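Undergrad: Mind looking at a prediction? Sequence and model below.
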Amino acid sequence: MKKQPVYFLVLLMVAALAFTSCKNNVDYRKTKSGVMYKIFGDGKDSLVKPGNIMKIDFTIKVGSSDSVLQTSIGKSPLFIPIEGNAPADAYSPIEVFSMLRKGDSAVIVQLVDTLMKKNPGGAMPPFFKKGDKLLTIIKVLNVFSSQELAGKDRELENEKERARMEKEVTDDLVKANADMTAWLAAKKINATKTGRGTYVEIKEAGTGMQADTGKYLTVRYEGKTLSDGKVFQSTMDAKSQPFTFKLGSVPPGAIAGWDEGLKLFKKGGKGTLYIPGPLAYGKNPPQGSSFKPNEALIFDIDVVDVSDTQPAPPQQQQLPPQIREQMEKQMREQQQKQQQQKKAGN
């Protein structure tokens, strides 16, 4: 595990003590909407101003459980444009941003009861409990005067993040590949390993153009979770729209396991891809999905087409002229009726 910077370890301890002190608002100030905050810094740099872009590390925690909801520590920092004063009733950490300087740290406290009152009838996360507090702990790493300067730094951070994620995938694949190999052996499935760990069972290789990086593929598929064989999505039905994407594109058009496995097929090919979790949706599956972190998946695939150029989108079926004319006539009559009713009301 990557070591956290000393300043964040200190701030996390401060945050833990904040729950005691906040009961009496000791040493904490309040924004106009009531958000409590405490800023740590030497006050030497100028305050951020509208048009600046603030680069921060952050951690968001729930008080009662001391659990971390989200953090940038060990990952990419956040770049926040400063757009002036927040609305007086915002009840948000953004109210504190305009009070910060380069090098500052801050502990920001929101009361869950107040958040619930400001969102009546709205769905609140299950981890929000009455009487609890939400902590946002931030460190201002840098302040940029323009989007151009911030963009250059963001790209450097993105490069670091890509390298970090690649190493994470490589490390996770050690166990994932061993588990996949054991599972395939137990099921007596003869599949070929390709790339970093995608296993491919070829039923028909196909006879058309070879799939390769840069080619446009149109694929029908049925996706299942390897643990229980449960189908989570399918486009095998002729009524469903197949998936078209560019193989090996950046940003990726498909999960890494597809980019690896589909290269073994030509147009018309059929088979099954057995994909370890790190080459599927990894540790952070799509929000709202049913996938577990690093969950292994199975895809039955049918390569409908392979092309050098992007296929035209499917055309919508045109209505017969007689029906279209009848619908247009009905719309005109409806509009005339509404106008007459409006005049009668006057």
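TA: The structure has been received and is ready for your questions. Numbering: from 1, shown residues only.
Undergrad: Low-confidence regions, the stretch 201-346 of the chain specifically.
TA: Along the stretch 201-346 of the chain, the parts satisfying pLDDT under 70 run over 314-329, 337, 340-346.
Undergrad: The longest helix along the chain packs against which elements?
TA: Scanning the chain for the helix with the most residues, using DSSP state H, yields helix 147-186. Counting contacts by 3 or more C-beta pairs under 8 Å, 6 or more residues apart in numbering; DSSP states H and E, helix 147-186 is packed against strand 53-62, strand 78-81, strand 133-144, strand 270-275. The C-beta positions use only the backbone N, C-alpha and C, and glycine is treated the same way.
Undergrad: what would the ones you listed look like in CSV with mean neighbour count and distance to Val169?
TA: Below are those laid out as CSV (neighbours: other C-beta atoms under 10 Å; distance: least, C-beta to C-beta, whole Å):
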stretch, mean neighbour count, distance to Val169
strand 53-62, 20, 23
strand 78-81, 16, 23
strand 133-144, 22, 26
strand 270-275, 22, 12
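Undergrad: just to revisit the earlier point, what angle do strand 53-62 and the longest helix of the chain make with each other?
TA: Helix 147-186 runs at 40 degrees relative to strand 53-62, counting by axes from the mean of the first three to the mean of the last three C-alpha atoms, to 10 degrees.
Undergrad: now the angle from helix 147-186 to strand 270-275?
TA: Helix 147-186 and strand 270-275 are oriented at 110 degrees to each other (the same axes, to 10 degrees).
Undergrad: buried stuff in helix 147-186?
TA: Neighbour counts over helix 147-186 (16 or more other C-beta atoms under 10 Å) mark 150, 153-154, 157, 165, 169, 172-173, 176-177, 180-181, 183-184 as buried.
Undergrad: low-scoring pLDDT stretches of the stretch 51-200 of the chain, where are they?
TA: 64, 122-123.
Undergrad: And the helices and strands packed on helix 147-186: which comes nearest Ala106?
TA: Set against Ala106 and scored by C-beta to C-beta, those come closest in strand 133-144, at 5.2 Å.
Undergrad: and the closest one, which strands flank it?
TA: strand 53-62 (antiparallel), strand 105-111 (antiparallel) (DSSP bridges).
Undergrad: and these as a markdown table, adding distance to Tyr221?
TA: Output for the strands paired with strand 133-144, formatted as a markdown table (distance: least, C-beta to C-beta, whole Å):
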| stretch | distance to Tyr221 |
| --- | --- |
| strand 53-62 | 36 |
| strand 105-111 | 43 |
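Undergrad: looking at those, which is closest to Ala238?
TA: Of the strands paired with strand 133-144, nearest to Ala238 by C-beta to C-beta is strand 53-62, at 46.3 Å.
Undergrad: export that closest one as CSV, just CAs?
TA: The C-alpha coordinates for strand 53-62 follow below in CSV (Å, rounded to 0.1, in the frame of the first residue of the first chain):
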residue,chain,number,x,y,z
ILE,A,53,-7.7,26.4,-11.0
MET,A,54,-7.0,24.8,-7.7
LYS,A,55,-5.3,21.4,-7.5
ILE,A,56,-6.2,19.5,-4.4
ASP,A,57,-5.8,16.2,-2.6
PHE,A,58,-9.0,15.2,-0.8
THR,A,59,-10.6,12.6,1.5
ILE,A,60,-14.3,12.3,2.3
LYS,A,61,-15.3,10.4,5.4
VAL,A,62,-18.4,9.5,7.4
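Undergrad: circling back: how far does the longest helix of the chain sit from the chain's center?
TA: On the basis of C-alpha atoms, centre = their mean, to the nearest Å, helix 147-186 sits 15 Å off its chain's mean C-alpha point.
Undergrad: Tell me which helix or strand comes right after it.
TA: Once helix 147-186 ends, the next helix or strand along the chain (criterion: DSSP states H and E) is strand 192-194.
Undergrad: possible to save the helices and strands packed on helix 147-186 as TSV with distance to Asp113?
TA: Listed next are the helices and strands packed on helix 147-186 as TSV, based on distance: least, C-beta to C-beta, whole Å:
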stretch	distance to Asp113
strand 53-62	14
strand 78-81	27
strand 133-144	9
strand 270-275	45
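Undergrad: How about the closest residue to Leu78 other than its chain neighbours: which residues does it bridge to?
TA: If the residues on either side of it in the chain are set aside, Leu78 comes closest to Ile56, at 5.3 Å by C-beta to C-beta, 6 or more residues apart in numbering. Beta bridges link Ile56 to Leu78, Val140, judged by DSSP bridges.
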